[in-house]
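Novice: Compute the structure for the input listed below.
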Amino acid sequence: MATNFPASLDSLTNPTSSDSLNSPSHSAQHANSNDAIEALQAKVGADSSAVTTSLDYKVAQLEAISHGKILQVVSTVKLDVFSTTSTTLVDITGLSVTITPTAATSKILIMTQVSVGHSPVGSGSYLDLVRDSTSIFNSTAAAGGGYTLRYNGMVFDQYSSMPVPFIYLDSPATTSATTYKVQTATSTGTQYVNRNGAGTYGATSSITVMEVSA
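Specialist: Got it, this is the predicted structure:
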């Protein structure tokens, strides 16, 4: 008695009867597999001489695909108001975040937005991105001292506030807990964070850090 198999089973027993192996999606998967193999060979050697056991091979595979990955994310949001009349840099209370890198080779991507305002008499305001107690992402363009940002408090009136974003990729070279924060100062008048000079409008600020594998 003749048996009629479903088309799907027939394609398994007779692959040449199916065009699936020649489909664009299969070709793309095959190309991706070749790319992965080439990347692994470049890491452990084309002759796999650095691989001594199947476990080593699995570890090498994982290492080959882990570069540039986001390993962890830590974020802080500041909703309340901060103000200062200090002419030297001080921490903005509540605008800091602490991260412990899993490897000394990791990089830390810092993204922060600080909403600032100023009293009408302000002539100069300063913002500085800091790792622990070290200023980072500073300008070397002027003789007046390097800051992440210096702006004129008179560029907007007391009824305005301005969001200031920073994005910086840092290399702390440590596996110890590391704190990133923003500091501020003013030459005269009062510097505000999360409100305008008149106190009639509020704003928000945040800082987010991401560990990126080497």
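Novice: Do a quick rundown of the helices in this structure.
Specialist: 7-13, 24-44, 54-64 (DSSP state H).
Novice: ok, now which ones touch Val73?
Specialist: Shown in contact with Val73 (Cβ atoms under 8 Å, 6 or more residues apart in numbering): Thr208, Val209, Met210, Glu211. Quick note: C-beta positions are derived from backbone N, CA and C, even for glycine.
Novice: So what sits opposite it in the bridge?
Specialist: Judged by DSSP bridges, the bridge partners of Val73 are Met210.
Novice: Next: the one 10 residues further on.
Specialist: With DSSP bridges as the criterion, Ser83 is bridged to Tyr192.
Novice: Also Asp91?
Specialist: Counting by DSSP bridges, Asp91 is bridged to Gln183.
Novice: What's the local residue count around Pro163?
Specialist: Other residues lying near Pro163 total 11 when counted by other Cβ atoms under 10 Å.
Novice: same question but for Ser106, I mixed them up
Specialist: 21.
Novice: Tell me the spacing between the nearest residue to Val193 once chain neighbours are set aside and Pro165.
Specialist: Closest residue in space to Val193, ignoring its immediate chain neighbours: Phe82 at 4.1 Å, by Cβ to Cβ, 6 or more residues apart in numbering. Distance check for Phe82 against Pro165: by Cβ to Cβ, to the nearest Å, it reads 18 Å.
Novice: ok, the two, which is more surrounded?
Specialist: Phe82 (20 against 9).
Novice: What residues does the closest residue to Ala203 other than its chain neighbours make contact with?
Specialist: Once flanking residues are discounted, Ala203 sits nearest to Ser115: 3.4 Å by Cβ to Cβ, 6+ apart. Residues in contact with Ser115, defined by Cβ under 8 Å, 6+ apart, are Ser161, Met162, Pro163, Val164, Val193, Asn194, Ala203, Thr204, Ser205.
Novice: In CSV, could you pull the C-alpha coordinates for the longest strand anywhere in the chain?
Specialist: As assigned by DSSP state E, the longest strand anywhere in the chain is strand 107-118. Extracted C-alpha coordinates of strand 107-118, given in CSV (Å, rounded to 0.1, in the frame of the first residue of the first chain):
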residue,chain,number,x,y,z
LYS,A,107,34.3,51.6,30.3
ILE,A,108,31.5,53.7,31.9
LEU,A,109,29.1,55.6,29.7
ILE,A,110,27.8,58.6,31.6
MET,A,111,24.6,60.4,30.5
THR,A,112,23.3,63.3,32.6
GLN,A,113,21.0,66.2,32.2
VAL,A,114,21.1,69.2,34.6
SER,A,115,18.3,71.7,34.6
VAL,A,116,19.7,75.1,35.7
GLY,A,117,18.5,78.5,36.4
HIS,A,118,20.0,81.7,37.9
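Novice: quick thing: my sequence starts at 54, can you match it?
Specialist: Done: numbering now begins at 54, and the last item shifts to strand 160-171.
Novice: Please point out which parts of that strand sit buried.
Specialist: For strand 160-171, burial by neighbour count (16 or more other Cβ atoms under 10 Å) applies to Lys160, Ile161, Ile163, Thr165, Gln166, Val167, Ser168, Val169, Gly170, His171.
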